[in-house]
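**Student:** Model the following, please.
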Amino acid sequence: GLALQWNPLKEWRGQNITDNIVQMRVEAWDVTQPPDYMVVDLAISNTVNYYVCEAALPGGIGDARYRRDKLVMRRIPAAGETARVGSPVGEPAKEYDSGRTYPVERELLREVQFTNDYYMAVFELTRGQYYKITGTYKDGTWNTDTDFLPAITGLTWTELRGKDCLWPEQGHAVAPGSLVGKLRGFSGLTTFDLPTEARWEYACRAGVMTGLYNGLEWGGENANSIAWNWTMSPSGPQGVGQLQPNGWGLYDMLGNIFERCLDRMRVNFPTPAVVEVDPAGPRVGEAGVTDKNGVLRGGSWFEGSCRSAVRGFYSWDSDDSTHRWGVRLSCQAW
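**Tutor:** Numbers count the residues shown, from 1 in each chain. Next up, the predicted model:
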């Protein structure tokens, strides 16, 4: 028979049972169809909980624990899906490359296809979560007033994944002492990493093909309810999770901080008729590819345009003195 044992943690709220009655509900799911929400405890090793929907999260998504002590992930239904990425000619505020560095249009409209579902972090990685994972603050001191700000200071590629752990040449290999390596070791989930650019954009759009994921185009105040941009926050990034999320419950996908992806900045896209399957971005040696120029997505508080198709780039060796580049973590769903 099946034996069930309940061992409530100290954080169990209330810590009392009314009338000595306990009810238990047990659900099982196919390994290829895990629940929509996965929560990784950053204080207790190898502790991962699953919830069928946002409403089932203890305390609600607004609970401070999900922006400091835990990492809440949303499953993105991508398996077998073909999706459009990039932007059409004429999209308001569409940015064309100047030709001085990259001789092609940065936002070429094209199609991609995905093999599996994956999880994306509901929030950008915060300073509080960074402290929980690494045991240190980049600025040297614990300051709970800034726990919910995005972690941005000093996050080079070496610190995030490891100096010689190049993508896609070494695949998802990371250094054990890197931020991703430490998270993998503590959580027991070995597929944590940065998202690819295609996965990032698919998760950002949540099925919406306009410039903004609220169904509007860039311009006026159309983005102010979803994205910290230059108009909303001219002095720097804001605490995560304060504005409206996209259709899949992901916050701050546009604005606040640029989010790093695994891919190098791409110069030569395939012809639009070619549907790429799980694209990983270019390798060293492809025409015009710089070895350590990575892709940034989503725009930031400093930008004049924060759209789903906006693309930027950064040096893997840079630690971002401009306070605009951060991280949103991802992992396999099975």
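
**Student:** Please count neighbours and contacts with C-alpha atoms only from this point.
**Tutor:** OK.

**Student:** From residue 157, how far off is residue 306?
**Tutor:** 24 Å (C-alpha to C-alpha, to the nearest Å).

**Student:** just residue 219 next, same as before
**Tutor:** 34 Å.

**Student:** So for these two, which sits in the more crowded spot?
**Tutor:** Each of residue 219 and residue 157 has its neighbours counted (other C-alpha atoms under 10 Å); residue 157 has more, 23 against 14.

**Student:** any idea how far the residue nearest to that one when sequence neighbours are not counted lies from residue 120?
**Tutor:** Spatial nearest neighbour of residue 157, chain neighbours left out: residue 316 (4.9 Å); criterion: C-alpha to C-alpha, 6 or more residues apart in numbering. Distance, residue 316 to residue 120, by C-alpha to C-alpha: 22 Å.

**Student:** what residues are up against residue 199?
**Tutor:** The contact partners of residue 199, taken as C-alpha atoms under 8 Å, 6 or more residues apart in numbering, number zero.

**Student:** That one looks like it's in a helix, true?
**Tutor:** Yes: applying DSSP: H, G, I helix; E, B strand; the rest coil, one finds residue 199 inside a helix.

**Student:** Got the confidence number for it?
**Tutor:** The model reports residue 199 with a pLDDT of 98.

**Student:** Can you list the low-confidence ranges for the stretch 151-300 of the chain?
**Tutor:** 267, 287-288 (pLDDT under 70).

**Student:** how about the strands of it, start to end?
**Tutor:** Secondary structure of the stretch 151-300 of the chain by DSSP state E, counting those that start in this stretch: the strands cover 258-264, 276-277, 293-297.

**Student:** tilt between the first one and strand 293-297?
**Tutor:** The reference is to strand 258-264. Relative orientation of strand 258-264 and strand 293-297, computed by axes from the mean of the first three to the mean of the last three C-alpha atoms, to 10 degrees: 140 degrees.

**Student:** Who does strand 258-264 pair with, and is each partner parallel or antiparallel?
**Tutor:** The pairing partners recorded for strand 258-264 under DSSP bridges are strand 293-297 (antiparallel), strand 325-326 (parallel).
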